[in-house]
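# Need a 3D model of the following:
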Amino acid sequence: MHHLLPLLVAVPLLGAGLLVAVGRALPRVAADTVGCAVSAGTAALVIVLLLNSSPPRTEWVGGWTPVDGRSVGIVLVGDGPGLGMAALASLLTLAALTYSWRYFEEPPRRHAGSYPALMLVFQAGMCGFAITGDLFNAFVFFELMSVVAYALTGYRVEEAKAVQGALTFGVVNSLGAYAMLMGIALLYARTGELTMSLIGRGLDAHGGPDALVLASFVLVLTGLLVKAAAVPFHFWLPDAHAVAPTPVCMLLSGVMVELGVYGAWRVYGTVFSGPGGVPAADLERMLVVLGALTAAVGAVMCWYQRHIKRLLAYSTVAHIGLFLIGIGVLTPQADDGIALYILGHAGVKAALFACTGILLDRYGSVDEHVLHGRARRQRAVAVMFVVGGLGLAGLPPFAGALGKSVAEEAAGGPLAVLYVIASAMTAGAVLRVAARVFLGLGPPPPDAGEYETTGSGEEPETRGRLGFVPDTMTAVPALLLAGALAAGVAPGFGETVARAVNEAGSGGAVVPVHWTPYGILLGLVSTAVAVGLAALAVTRPRLLAAPDWALPLRRLQSGHVGDYVAWLLVGATLLGALALPGVLGT
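The predicted structure follows:
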């Protein structure tokens, strides 16, 4: 079955080409149906491969296999983590296309196939990045999904703010890609290889790590952390989410930024974890410090947003920080927990964006203050929004809660407290929005001044404000939440995920993944804190208004791409400083 691996990239690309070729002759419903069918076929294929991924399968594209240990070909690796991320990307792409089926408005002078074609190319790029075993082609797929993401973010090209958000996204991520490419060039100069496993062997053959190895790791990691939107590389994400169409937001927060985390885990484990790579202490110091900073900044900024899309974007930043801490702990237990956490978070976050899109298309706003009490009749959406908030908090038995509890136990101590606080603050912000928008609770909240971004003045993404909400737009978030819940209670699912992650990692004994009293207690505590924060914000809005010390954080999100580039350089320098003890030790 390894010969089927290239089809995960080829099928959606061929589907996109077909839509571009005949899209002008197709009615909108036909183009959307073709897009959904191709995406569903790819998702079915990757699930079949995932179920048959033990032992991991390898495909050298075109038959260019290594000769005498040297390679020039492209290798695809079909193991549990890679195919799992490809499956997640494919299922969320299908969900996003289904959500927008027939209702997403095409800009003027666009033919019916342009939007689903772009979404299929996005799916192909994400799948290729997930399964490639070649570091240079990881960069190629990194750029493919990035370029398509820029186009989708600025899809409503007639709006100046959409173009600005896409331009910011493109500039910052392109600089991250250049950093990654420079790191790859250094590794190629040292080893003469681009296949990840062969690069790792080449580094080990040269002895212990030196300044070149650590510099290449910092550069590659910078590119991946820009994609993951870790602090201080994160500024592009809220700006992009504020203007991107809702289905695109579902993919950006649901899977694309998580691919940056996955890439960091994959590259370290395959390339830099040997004796010639980067010491484990250096990686732990980098990821735990940056993860803690990301979780803290993301949680604080999430709480003080009234633009609901930006609020959810900062929630993603906070959870990316928690994911980075988990993989930075460098234990099989933490890796298993983060894998489950990512799956649960993807379903919940995509569902919350889908519910926010319903508010935009029904009421023409994503401003928490403007929408105060206006969505009382949207009972189904209200229930899903509350359920999504509880899922973010880590309420058992969601899959995200199970993964969070496993990661908390692996991290322990103050890091476990950070997991509780960050998840509680982000979930509390979501529950606060639900209480105000859908129930009309509490007095109107006060404005926070000139650095507050509102969500008023937004244009619906449909042909006009919806008089009623289509079934597809409510069924998709409902199924996503149901999937996130089912993954937490399905017998043996956690062990299956742990076995797949372990098979691609150390190969040691599988650590049991199950609910523990400690994990359940922390999940209930974070949920209780989230509910308490939401209740306090609704009943005493001035008590939890933005304090003076939060103003500098709000000013940093300036919207100026030059500022964001400067922070990217600061972040790369910070990573280099955290790696400095490893350089001095050699």
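# give me the low-pLDDT residue ranges for this structure?
Counting by pLDDT under 70, the chain contains low-confidence residues at 102-112, 446-452, 454-457, 504-511, 546-549, 582-586.
# Pop the domain breakdown of it in here.
In the domain annotation for the chain, the residue ranges read 1-132, 160-272+564-586, 281-459+472-546 (automatic domain parsing).
# So for residue 145, which of those domains sits nearest?
Residue 145 sits nearest to domain 1-132 of all those, at 3.1 Å, using C-beta to C-beta. (C-beta placed from N, C-alpha, C; glycine too.)
# thought residue 564 was touching residue 236?
Yes. Using C-beta atoms under 8 Å, residue 564 is in contact with residue 236, at 6.3 Å.
# would a markdown table of the domains of the chain with distance to residue 154 and mean neighbour count be doable?
Shown next, in a markdown table, are the domains of the chain (distance: least, C-beta to C-beta, whole Å; neighbours: other C-beta atoms under 10 Å):
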| stretch | distance to residue 154 | mean neighbour count |
| --- | --- | --- |
| domain 1-132 | 10 | 20 |
| domain 160-272+564-586 | 3 | 22 |
| domain 281-459+472-546 | 14 | 22 |
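# could you dump those domains to CSV with distance to residue 465?
What follows is the domains of the chain, written out as CSV (distance: least, C-beta to C-beta, whole Å):
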stretch, distance to residue 465
domain 1-132, 12
domain 160-272+564-586, 15
domain 281-459+472-546, 6
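# for those domains, which one sits closest to residue 553?
Nearest of those (C-beta to C-beta): domain 281-459+472-546, 6.0 Å.
# starting at the chain centroid, how far to the closest one?
Centroid displacement of domain 281-459+472-546 relative to its chain, using C-alpha atoms, centre = their mean, to the nearest Å, is 12 Å.
# residue ranges for the helices of the stretch 51-200 of the chain, please.
Listed from the start of the chain, the stretch 51-200 of the chain has helices (DSSP state H, counting those that start in this stretch) covering 80-99, 114-131, 135-153, 160-191, 196-205.
# sorry, that was for the stretch 351-500 of the chain
379-393, 399-411, 413-439, 471-489, 493-504.
# quick one on the thing from earlier: quick one: closest of the domains of the chain to residue 556.
Taking these one by one with C-beta to C-beta, domain 160-272+564-586 is closest: 7.3 Å.
# How about the contacts made by residue 113?
With contact taken as C-beta atoms under 8 Å, 6 or more residues apart in numbering, residue 113 is in contact with 19-20, 22-24, 26, 31, 34-35.
# picking up where we left off before, residues that sit against both of residue 564 and residue 236, list them.
Common contacts of residue 564 and residue 236, defined by C-beta under 8 Å, 6+ apart, comprise 168, 172.
# returning to what we had before: of all the domains of the chain, which one comes closest to residue 141?
Short answer: domain 1-132, nearest of those by C-beta to C-beta, at 3.8 Å.
# Show me how far that closest one is from its chain's centre.
The mean C-alpha position of domain 1-132 is separated from the chain mean by 18 Å, C-alpha atoms, centre = their mean.
# List the contacts of residue 294.
For residue 294, the contacting residues are 230-231, 234, 317-318, 320-321, 324, by C-beta under 8 Å, 6+ apart.
# Can you tell me the closest non-neighbouring residue to it?
Using C-beta to C-beta, 6 or more residues apart in numbering and skipping residues adjacent in sequence, the residue nearest residue 294 is residue 321, 3.1 Å away.
# How much space separates that neighbour from residue 117?
Separation of residue 321 from residue 117 (C-beta to C-beta, to the nearest Å): 34 Å.
# now residue 335
With C-beta to C-beta as the criterion, residue 335 and residue 117 are 36 Å apart.
# ditto for residue 537
Distance of residue 537 to residue 117, computed by C-beta to C-beta: 43 Å.
# Equivalent analysis for residue 312, please.
With C-beta to C-beta as the criterion, residue 312 and residue 117 are 27 Å apart.
# Quick check: next helix or strand after the strand or helix carrying residue 225?
Using DSSP states H and E, residue 225 sits within helix 211-228. Scanning forward in sequence from helix 211-228 by DSSP H and E, the next helix or strand is helix 236-243.
# Centre of the chain to that following helix, how far?
Taking C-alpha atoms, centre = their mean, one finds helix 236-243 lying 13 Å from the centre of the chain it belongs to.
# Give me the contacts around that helix.
Residues from elsewhere that reach helix 236-243, judged by C-beta under 8 Å, 6+ apart: 153-154, 156, 159, 161-162, 164-166, 168-169, 172-173, 229, 249, 252-253, 257, 301, 307, 309-310, 312-314, 316-317, 453, 557, 559, 564.
# Could you check the angle that helix makes with helix 160-191?
If you take axes from the mean of the first three to the mean of the last three C-alpha atoms, to 10 degrees, helix 236-243 sits at 150 degrees to helix 160-191.
# Counting by contacts, list what the following helix or strand past helix 236-243 packs against.
Next helix or strand after helix 236-243 toward the C-terminus (DSSP H and E): helix 246-251. In terms of contacts (3 or more C-beta pairs under 8 Å, 6 or more residues apart in numbering; DSSP states H and E), helix 246-251 is packed against helix 80-99, helix 114-131, helix 135-153, helix 308-328, helix 332-363.
# and if we set it to 7 Å?
If contacts are counted by 3 or more C-beta pairs under 7 Å, 6 or more residues apart in numbering; DSSP states H and E, helix 246-251 sits against helix 80-99, helix 332-363.
# Find the nearest non-adjacent residue to residue 401, please.
That would be residue 394: by C-beta to C-beta, 6+ apart, it lies 4.3 Å from residue 401.
# which residues sit in contact with the one you found?
400-401, 404, 423, 523, 526-527 (C-beta atoms under 7 Å, 6 or more residues apart in numbering).
# switch to 6 Å and redo it
Applying C-beta atoms under 6 Å, 6 or more residues apart in numbering to residue 394 gives the contacts 401, 404, 423, 523, 526.
# do you know how far the first one is from residue 526?
According to C-beta to C-beta, residue 401 stands 9 Å off from residue 526.
# Was I right to think residue 466 contacts residue 359?
No. If you go by C-beta atoms under 6 Å, residue 466 and residue 359 don't touch, sitting 10.3 Å apart.
# list the residues that contact both of those two?
With C-beta under 6 Å, 6+ apart applied, the contact sets of residue 466 and residue 359 do not overlap.
# re earlier: out of the contacts of residue 113, which two are the most distant from each other?
The two members of the contacts of residue 113 with the most space between them (C-beta to C-beta) are 24 and 35, at 15.1 Å.
# mind listing what the nearest residue to residue 217 once chain neighbours are set aside touches?
Distances taken as C-beta to C-beta, 6+ apart put residue 278 closest to residue 217, at 5.0 Å, once the chain neighbours are dropped. Contacts here follow C-beta under 6 Å, 6+ apart; on that basis residue 278 touches 209, 217, 272.
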